[in-house]
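Colleague: Next one to model:
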Amino acid sequence: MNFQALFNEPIESQISLGGHASDVWLIRTSKEEVVVRASGVREDSDAPFLYGCRTLFGTELNKTFDIEFINVELSKVSPISIPQVKRKQVINDVEFVVVDMMVGKNGSFSNINLEVF
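Modeller: Numbering: from 1, shown residues only. I've put the predicted structure just below:
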């Protein structure tokens with residue numbers, strides 16, 4: 001995928017970080033290191049998780065630009081850092097957002113002892 005339209009400087013590196021509900025890339029230029037996100041959810045998807053997001057939060061996961069409002073509101077109440085949207089653009093009919101890269105490590109629920117619950 002060519003993301004150069006999202007950046008003023010030439011892209012130095014672009015790494016796909018995979019995705020499930022979102023497609024995610026780590027992009028580095030001479031001026032910044034950021035994350036580019038796009039929804040990995042098709043508009044006609046009807047999985048239970050998507051139904052829950054629509055019902056509980058009133059959000060459609062295929063509308064990537066909505067993350068800007070959601071992240072602003074979350075940052076008002078969350079004790080953890082929330083990435084802010086730096087830029088957004090439609091490329092080939094797909095919504096992409098450029099967000100702050102968050103420092104940390106991947107987490108997993110696979111080692112949780114379910115007997116505790």
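
Colleague: who's the spatially most central residue of the chain bridged to?
Modeller: The residue lying closest to the centre of the chain (Cα atoms, centre = their mean) is R37, at 4.3 Å. Residues in a beta bridge with R37, per DSSP bridges, are V24, V97.

Colleague: Quick one: find the helix or strand in this structure with the lowest mean pLDDT.
Modeller: Least confident helix or strand of the chain, by mean pLDDT, DSSP states H and E, is helix 48-57 with a mean of 72.

Colleague: Now the element after it, going C-ward?
Modeller: Counting by DSSP states H and E, the next helix or strand C-terminal to helix 48-57 is helix 67-77.

Colleague: Tell me the helix or strand right after that next one.
Modeller: For helix 67-77, the following helix or strand on the C-terminal side (DSSP H and E) is strand 85-91.

Colleague: If you drop the residues flanking it in sequence, what lies closest to L26?
Modeller: Spatial nearest neighbour of L26, excluding adjacent residues (Cβ to Cβ, 6 or more residues apart in numbering): I15 at 4.6 Å. Using the backbone N, CA and C atoms, a C-beta is placed for each residue, glycine as well.

Colleague: and if you look at S75?
Modeller: In space, and not counting its chain neighbours, S75 is closest to I82: 4.2 Å by Cβ to Cβ, 6+ apart.

Colleague: Give me the phi and psi for that neighbour.
Modeller: phi -120, psi 130 (degrees, to the nearest 10).

Colleague: repeat for A5
Modeller: Main-chain torsions, A5, degrees, to the nearest 10: phi -60, psi -20.
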